[in-house]
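Asker: Here is a sequence together with a model predicted from it:
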Amino acid sequence: MPELPETETIARDLDRALTGARIAGVTVVRPDVLRETTAARLTAKLSGATIERCWRRAKMVVIDLSTGDRLVVQPRFTGALLIDTGADSLSDRERAYSTLALRFTDGRALHYRDIRRLGTVSLMSPVRWQRQHSALGIEPLDVTFTPAHLSGALRGSSQAVKKLLMDQRRIAGIGNIYANEALWRAGIDPSRAGRSVETDELERLHGAITSVLREAIAARGTSFRDYRDATGARGTFSASLDAYGRGGQPCHRCGGRLVSTDVIDGRATVLCPRCQR
């Protein structure tokens, strides 16, 4: 699933390429990806509108429109926002899985490609967006995200620290890949209760969260199967992973065998029993 680094990469690409572009029309092929709107309403609302800004909140790509509305895309497992400049800019396979497309007056298009159609595209008014925004936690790369704030997100909870890191109401944007990576870097067992994390460990964990997210953004995200940036290219952070997807392999820190389990939160968790306490 695209997490913070992947959606941040997509949003930056779209912002550079599409800010100021005017929408000539909308084609909806698979309306089942739509939320809080219909194909007819989406077409009517977006046609003639100009894109003012593209940005990210949590794991969502947000497109601000000149109408005041926002197009909010949550790619989930197989979703991607792909810029189509014509000719060979996209493969036939990518176009074949386009669920909807925005056509621009300059001849380009923006496809929302989603193979399994588990992602969503929502059209939100300013009031509706504010409700969505307010329900989410702090952004972990915001200057206001400090070790003290992280302590507040974990303090008093008996839930596993990994699960707390992935709770979007507490901290927005961290998913399974980067929770695994941050906890490995910090040397913390993902199954520990949040309230058990000590002050020095909080400092390490805070540093691990911010560093791994920034490094992943610099590498344009992690691609295993379906994630692509807005140009259709793969992210390269998979070559830098220390934990996620490496169950049974040697720990890069101590050489011990990494263990993979799904008992913590039903998701694949990889840890080093020797290094992570």
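Answerer: Arrived safely.

Asker: And the one helix or strand Gly152 maps to, what does it pack against?
Answerer: Using DSSP states H and E, Gly152 falls within helix 147-154. Using 3 or more CB pairs under 8 Å, 6 or more residues apart in numbering; DSSP states H and E, the elements in contact with helix 147-154 are helix 161-165, helix 199-218. Every C-beta, even on glycine, is put in place using the N, C-alpha and C of the backbone.

Asker: can you redo those helices as CSV with distance to Thr38 and mean neighbour count?
Answerer: Formatted as CSV, the helices and strands packed on helix 147-154 follow (distance: least, CB to CB, whole Å; neighbours: other CB atoms under 10 Å):
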stretch, distance to Thr38, mean neighbour count
helix 161-165, 36, 23
helix 199-218, 35, 18
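
Asker: Let's have these in a markdown table, adding distance to Ala239 and mean pLDDT.
Answerer: A markdown table is the format used below for those (distance: least, CB to CB, whole Å; pLDDT from 0 to 100):
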| stretch | distance to Ala239 | mean pLDDT |
| --- | --- | --- |
| helix 161-165 | 23 | 98 |
| helix 199-218 | 11 | 98 |
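
Asker: Need those helices in JSON lines (columns: distance to Arg234).
Answerer: JSON lines is the format used below for those (distance: least, CB to CB, whole Å):
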{"stretch": "helix 161-165", "distance to Arg234": "25"}
{"stretch": "helix 199-218", "distance to Arg234": "13"}
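
Asker: which stretch among those helices comes nearest Ile264?
Answerer: Proximity to Ile264 (CB to CB) singles out helix 161-165 among these, at 5.7 Å.

Asker: what sits up against the closest one?
Answerer: Helix 161-165 is contacted from outside by 153-154, 157, 170-171, 174, 179-180, 182-183, 188-194, 196-197, 205, 209, 264-265, 269, using CB atoms under 8 Å, 6 or more residues apart in numbering.

Asker: Give me the neighbour count for the nearest residue to Arg214 once chain neighbours are set aside.
Answerer: With CB to CB, 6 or more residues apart in numbering as the criterion, Arg214 has its nearest non-adjacent residue at 7.0 Å, and that residue is Leu141. Leu141 has 16 neighbours, counted by other CB atoms under 10 Å.

Asker: For the residue lying closest to Leu205 once chain neighbours are set aside, report the pLDDT, please.
Answerer: Residue nearest to Leu205 in three dimensions, not counting chain neighbours: Ala186, with 4.2 Å by CB to CB, 6+ apart. As predicted, Ala186 sits at a pLDDT of 98.

Asker: Check whether Ala186 really touches Arg204, as I assumed.
Answerer: Yes. With contacts counted by CB atoms under 8 Å, Ala186 reaches Arg204, the gap being 4.3 Å.

Asker: In the protein, what residue spans correspond to helices?
Answerer: For the chain, the helices defined by DSSP state H cover 4-18, 39-46, 92-96, 126-134, 147-154, 161-165, 176-186, 199-218.

Asker: looking at the helices and strands packed on helix 147-154, which is closest to Ile63?
Answerer: Across those, Ile63 has its closest neighbour in helix 199-218 (19.3 Å, CB to CB).

Asker: Find the least confident helix or strand in this protein, judged by mean pLDDT.
Answerer: Lowest by mean pLDDT, DSSP states H and E among the helices and strands of the chain is helix 92-96, with a mean of 85.

Asker: now for that helix, which elements pack on it?
Answerer: strand 79-84, strand 109-114.

Asker: what comes up buried for it?
Answerer: Residues Glu94 are the ones in helix 92-96 that count as buried (16 or more other CB atoms under 10 Å).

Asker: Is it correct that Ser47 is in contact with Ala24?
Answerer: Yes. Contact criterion CB under 8 Å: Ser47 and Ala24 qualify, at 7.1 Å.

Asker: what residues are shared contacts of those two?
Answerer: Contact criterion CB under 8 Å, 6+ apart; residues shared by Ser47 and Ala24: none found.

Asker: is it true that Gln132 touches Ser125?
Answerer: No. In this structure, Gln132 is not within contact of Ser125 by CB under 8 Å, at 10.6 Å.
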